[in-house]
Every structure is written in structure tokens, then in C-alpha cells.
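Undergrad: Here's a sequence, model it:
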Amino acid sequence: MKSNLLSARKVDEIIRNENWGLHHDGGGLYLAGSKKYKTFSWLLRLYRSTVTGKPRDMGLGRARDLTLKEAREKARKFRLLAADGIDPIEERRQKRDQQRADALNRVTFKEAANEFIALHAPNWKNEKHRRQWSSSLEAYVYRTLGSRPALAIDGAAVTEALSPIWTSKLETASRVKQRIERVIQWVKDGRPLPQQGASKRVKHHEALPFEQVPQFMDKLRQRESISARALEFTILTVARTGDTIGAKWSEIDLKTGVWTVSEGRHKTSKDFEIPLSKRALEILKALSRERGGYVFPGAKATSPLSNMAMLELLRGMNGNGLTVHGFRSTFRDWAGDRTNFAREVIEHAMSHQIKDKAEASYRRSSALEKRRKLMEAWARFCEAPVARGDNVVGLHGAA
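TA: So this is what the prediction gives:
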């Protein structure tokens with residue numbers, strides 16, 4: 001392949017004459033002119049997706065900010081990474097995710113609470129309610145928790161802050177505790193913007209209506225990235241983000257089709273078995289095991305996928321406040337509305353804590369095969385045919 005097909009003089013001429021389109025420099029490097037946006041940028045064509053057949057292009061920067069020489073040097077570095085088996089696009093996404101995560105980790109509780117109130121208060125109809133949010137946090141929380149990183153606050157820290165009023169002002173303490181938890185959860189979710197017209201009761205995990213799931217999953221399957229496969233796997237297994245990104249091949253039994261989330265990683269105190277649908281197994285079998293023990297590795301073999309990777313992908317696809325965790329609610333709505341599976345089977349599939357003694361006894365019996373049928377029905381619904389050429393979503397009921 002010929003290289004250095006362009007020159008600095010040629011680039012200036014192309015830009016000056018607004019010669020839109022792709023101009024190849026060799027080695028996959030292009031000067032791309034967009035007539036729509038009236039801009040010229042550098043992009044590197046790395047490979048073609050084995051799923052969609054579409055090129056995988058990586059933007060390097062605008063031509064007004066990056067010279068031809070600088071663009072060639074960046075392209076060379078990314079080609080070397082690709083030659084070492086590292087996906088430069090995924091690695092860059094990982095770095096951005098880590099930067100966002102680091103920024104979230106530095107946000108103090110007071111900063112987060114003030115931002116939360118400023119964003120959500122306009123949707124709260126009760127004026128007294130708006131005043132109480134700020135005044136209660138100022139009176140009972142900021143002195144002990146205000147300067148602490150929001151994501152570092154645990155149950156013990158909340159207890160320390162509210163212990164002086166827990167017995168003397170129990171109702172007030174309970175409300176303040178709920179407000180603390182809402183702010184912390186909002187930070188964990190990436191500080192999403194409130195939906196237009198949202199009621200004063202803001203959901204912690206915005207969920208996609210289950211009728212729209214087949215259409216969403218159809219779009220998701222067309223994406224070629226480890227983040228997309230991790231998100232699809234998470235939705236199909238009704239797992240939590242931490243369970244998925246921490247999954248190791250030692251937990252997977254491809255022969256029996258069971259994923260055992262080990263004790264210590266799972267929210268419950270015991271190992272939790274998750275039966276895998278045919279589609280979930282297809283995802284696993286298509287993945288490489290050469291980069292380490294993680295099922296969904298990050299840019300480096302020794303690290304798992306970033307805990308923000310699936311959320312960032314979801315935002316890029318929808319951009320309407322949806323969260324990864326919200327798909328668990330979507331599954332629950334579908335299972336309760338469209339299937340005849342027993343409630344305890346559904347709750348067990350979601351690894352929910354069961355307080356009722358009779359249901360807790362049922363949990364101990366595992367009912368793995370019943371949950372396998374439920375997971376297979378959910379997978380079939382997720383893969384239901386989608387009507388092309390309009391906005392109609394194909395539905396698939398499951399019994």
C-alpha cells in the first residue's frame with residue numbers, strides 16, 4: 001500500500017477549495033471533508049466489522065488543530081497498538097471512562113447535593129419540599145459528610161451523621177437518610193439530567209419500556225465492541241453491572257450453560273447461579289479467552305471492562321437518561337405482564353432478597369431449570385423480529 005500520498009501543500013489546497021470527501025494518505029489515514037458540517041478532520045480506518053461489514057473508523061482530530069505530520073504520527077501509534085492486539089478505539093474509550101470515573105470520585109457530597117437540587121428542584125411542585133431538601137442537609141449532613149467524596153460514603157458514615165437525631169427526630173432522620181441515598185445513587189448513575197416533565201418522584205434507574213426492547217436489542221447487536229457484547233449479555237442475564245464486568249472464565253460452565261457469580265462479588269452472601277440462554281452462550285463462545293481471565297476485558301489484559309463503559313454506550317445510543325441497571329426493571333415489567341412464571345421464580349432470577357420465609361425456602365431449592373426457561377423466554381422476546389422501515393416494534397409474548 002502506498003503511503004504519504006498527501007503533502008502539507010496538498011492538504012491546504014483541499015481545504016481551501018472545500019474539496020469534500022475522503023482523501024487517502026496511505027496506511028488507513030484519511031483527510032475527511034464534511035460538506036454538511038463544513039469541516040475537515042483526520043480519521044484512521046482500522047478494520048471492518050465482522051458483524052456489519054462496516055469500516056471501523058477512529059477520529060484523530062480536526063485538520064485545523066492537527067497537521068499532516070502530527071496526524072501521521074498519531075496514526076502510526078494507533079496502528080502499533082492494533083498490531084499488539086489492543087483495540088485503540090476501545091482503549092481510548094476506556095481512558096475517557098476512567099477520567100469520568102476519577103472526576104466522579106472527587107465530587108464531594110455537598111457539591112453533588114447542590115447540583116442535584118439545582119437540577120431537580122424545578123420539577124418539585126411542593127415549595128416546602130424544595131426548601132426542606134436544602135435546609136435539612138445543611139442542618140444535619142454537611143458538617144460531617146459535606147466535604148467527603150460522595151462515592152466514598154457508606155452506611156457507617158450515614159449512621160455517624162444521623163445518630164444524634166435518630167431517636168429524637170426519627171421521621172426527620174428517615175427523610176434525610178433517603179435524601180442522602182438519592183444523591184449518592186444519582187452520582188453513581190453518572191449524574192444524569194432529569195427527564196423533561198418528570199414528576200417530583202425521580203426514579204433512580206430509568207427503565208426502557210419493555211415493548212421497545214426488541215428494537216433496542218436489534219440496534220445493539222449491530223454494534224461491534226466489547227462494551228456492546230457486555231451490555232447485551234447483562235440484559236439477557238438480568239445481571240448487575242458489577243457482576244458482568246467482574247465475570248471471569250472460571251465462573252462460566254459452557255457445557256451446562258451456567259454462570260456462577262462467586263461469593264464476595266455478588267450482592268448476596270452466597271454464590272449465585274445464573275442459567276444462560278442460547279444467545280448468551282453464543283456471545284460467550286464468540287469471545288476470545290487469550291487476553292486474561294476476564295470475560296469482558298478492558299484495554300489491558302489484566303483489567304476488566306470499565307464500570308462506565310456500558311453506561312456510556314447506552315447514553316450514546318439513547319441519550320435519554322436510561323441506565324444499565326434500569327433493564328432489570330424492564331425485565332421485571334415484562335415478566336409480570338407478559339408471562340405466567342411464578343413471582344418467586346422472577347424474583348429469584350433477579351437475585352432479589354426475599355424476606356418471606358416460605359419464599360426464602362423456595363430460593364434454597366434453587367429452581368434452576370425454571371429460571372432457565374424464564375431466561376430463554378426473555379432472550380426470545382429480546383430477539384423478536386423488528387419491523388423495518390417504520391417505528392413499529394415487533395413483539396413476542398412468552399408463556
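
Undergrad: hang on, Ile15 packs against Thr39?
TA: No - using Cβ atoms under 8 Å, Ile15 is not in contact with Thr39, being 9.5 Å away. Any C-beta I mention is one placed from the backbone N, CA and C, and that applies to glycine too.

Undergrad: Now the common contact residues for these two.
TA: Common neighbours of Ile15 and Thr39, using Cβ atoms under 8 Å, 6 or more residues apart in numbering, are 33, 63.

Undergrad: mind listing the helices for the stretch 1-150 of the chain?
TA: 8-16, 68-83, 88-106, 109-120, 127-140, 142-145 (DSSP state H, counting those that start in this stretch).

Undergrad: Can I get those helices in JSON lines including distance to Ser306 and mean neighbour count?
TA: Formatted as JSON lines, the helices of the stretch 1-150 of the chain follow (distance: least, Cβ to Cβ, whole Å; neighbours: other Cβ atoms under 10 Å):
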{"stretch": "helix 8-16", "distance to Ser306": "35", "mean neighbour count": "13"}
{"stretch": "helix 68-83", "distance to Ser306": "17", "mean neighbour count": "16"}
{"stretch": "helix 88-106", "distance to Ser306": "4", "mean neighbour count": "16"}
{"stretch": "helix 109-120", "distance to Ser306": "21", "mean neighbour count": "18"}
{"stretch": "helix 127-140", "distance to Ser306": "31", "mean neighbour count": "14"}
{"stretch": "helix 142-145", "distance to Ser306": "27", "mean neighbour count": "17"}
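
Undergrad: Quick one, which of these gets closest to Ala161.
TA: helix 142-145 (4.3 Å; Cβ to Cβ).

Undergrad: weakest of the helices of the stretch 1-150 of the chain in terms of mean pLDDT?
TA: Sorting the helices of the stretch 1-150 of the chain by mean pLDDT places helix 88-106 lowest, at a mean of 77.

Undergrad: Would you mind listing the outside residues contacting that one?
TA: Here helix 88-106 has contacts from 44, 46, 56, 58, 78, 81-82, 149-152, 187, 190-191, 225-227, 298-299, 305-309, 312, using Cβ under 8 Å, 6+ apart.

Undergrad: In strands, which of those residues appear?
TA: Of the positions in those, 44, 46, 56, 58 sit in strands, assigned by DSSP state E.

Undergrad: Distance of the third one relative to Asp25?
TA: When Cβ to Cβ, to the nearest Å is the yardstick, Arg56 and Asp25 sit 18 Å from each other.

Undergrad: Which one of those two is surrounded by more residues?
TA: Asp25 (21 against 17; other Cβ atoms under 10 Å).

Undergrad: Chain neighbours aside, what residue packs nearest to that one?
TA: Closest residue to Asp25 apart from its sequence neighbours, by Cβ to Cβ, 6 or more residues apart in numbering: Leu6 at 4.4 Å.

Undergrad: Can you report how many residues neighbour that neighbour?
TA: Leu6, neighbours per other Cβ under 10 Å, totals 20.

Undergrad: Verify the contact between it and Leu31 for me.
TA: Yes - the criterion here is Cβ under 8 Å, and Leu6 meets it with Leu31 at 6.5 Å.
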